[in-house]
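Asks: For reference, the sequence and a predicted model appear below.
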Amino acid sequence: MRMLVLVLGALALANTAYAQKFGGPPQNPDWPCAQRLVETLEPGSYWNGPPIPAHTAWRDDADIFTLANDIVDRDTPEADALAKLNAYADALPQDKRATAFPFLFGALVDQTNDQRSILIARIEQLGRRQRAMGDTIAALSTQIDADPATSPTHADLIGKRDFDMRAFSETQHTMRYACEAPANMERRLGLFARALEAKIASR
């Protein structure tokens, strides 16, 4: 029973942590993370340089498209991503940077949003699966409580519940790492913004 309490308590952990930190319930009931869900990142939250173009013409620029995708990709180590960004920036003359860098940063924001939306959908799906698993565990526990210990099904029910609780616990561990990923992508976007802004200001 103690394990059951821990499992069911984990289901409410994200909502409780959110309420304590941000106040009120999370905006998305499918979001299982304690971290606040930001559906779409806005350039103005990170960028203090020249205006970002409102268009997405960068998608038609093969070089910028590839560069932005490589930099934003979570499989690209942060140091490598910054090295790619700096190499591009250093190759541009100073008089072109105020135009080219906002264009590139707009691409970085859009690419980040594209990749984050896929990640967020997967995390939400994981959260729904955990909720369903928690309901199953609770139902099994109710059956076990109502089933006499001498019943031939009693041991099977306990085995099934224990198996599901182990699976739930393992997935919960994975979810903690998954929940950090969207926020880490936001943090990286801030690093990219500061790197480009510094290149604009440098002479």
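Replies: Cool, the structure landed. Numbering: from 1, shown residues only.

Asks: Tell me how far the closest residue to Thr174 other than its chain neighbours lies from Gly190.
Replies: Spatial nearest neighbour of Thr174, chain neighbours left out: Leu126 (7.8 Å); criterion: CB to CB, 6 or more residues apart in numbering. Just so you know, the C-beta spots here come from the backbone N, C-alpha and C atoms, and that holds for glycine as well. Distance of Leu126 to Gly190, computed by CB to CB, to the nearest Å: 26 Å.

Asks: Of these two, which one has the most company?
Replies: Just comparing Leu126 and Gly190: by other CB atoms under 10 Å the higher neighbour count belongs to Leu126, 19 against 13.

Asks: right, and that one touches Cys33 too?
Replies: No - Leu126 is beyond contact range of Cys33, at 9.8 Å (criterion: CB atoms under 8 Å).

Asks: tell me, what's touching the two both at once?
Replies: Applying CB atoms under 8 Å, 6 or more residues apart in numbering, one finds that Leu126 and Cys33 are jointly contacted by 175, 178.

Asks: who touches Thr112 in this structure?
Replies: The neighbours of Thr112, taking CB under 8 Å, 6+ apart as the test, are 41, 72, 185-186, 188-189.

Asks: next one: Asp30
Replies: Contacts of Asp30 by CB under 8 Å, 6+ apart are 124, 127-128.

Asks: got it, and Arg59?
Replies: 65, 107, 110.

Asks: For the contacts of Thr112, give me CSV that also has neighbour count, distance to Ala178 and secondary structure.
Replies: Below are those laid out as CSV (neighbours: other CB atoms under 10 Å; distance: CB to CB, whole Å; DSSP: H, G, I helix; E, B strand; the rest coil):
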residue, neighbour count, distance to Ala178, secondary structure
Leu41, 19, 18, coil
Val72, 23, 18, helix
Met185, 17, 12, helix
Glu186, 16, 15, helix
Arg188, 19, 16, helix
Leu189, 24, 19, helix
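
Asks: possible to save the residues you listed as JSON lines with pLDDT and distance to Ile52?
Replies: Below are those laid out as JSON lines (pLDDT from 0 to 100; distance: CB to CB, whole Å):
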{"residue": "Leu41", "pLDDT": "94", "distance to Ile52": "12"}
{"residue": "Val72", "pLDDT": "96", "distance to Ile52": "16"}
{"residue": "Met185", "pLDDT": "95", "distance to Ile52": "18"}
{"residue": "Glu186", "pLDDT": "94", "distance to Ile52": "16"}
{"residue": "Arg188", "pLDDT": "96", "distance to Ile52": "17"}
{"residue": "Leu189", "pLDDT": "96", "distance to Ile52": "12"}
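
Asks: from those, which single one is nearest Arg116?
Replies: Distance ranking of the contacts of Thr112 against Arg116, using CB to CB, places Met185 first at 5.5 Å.
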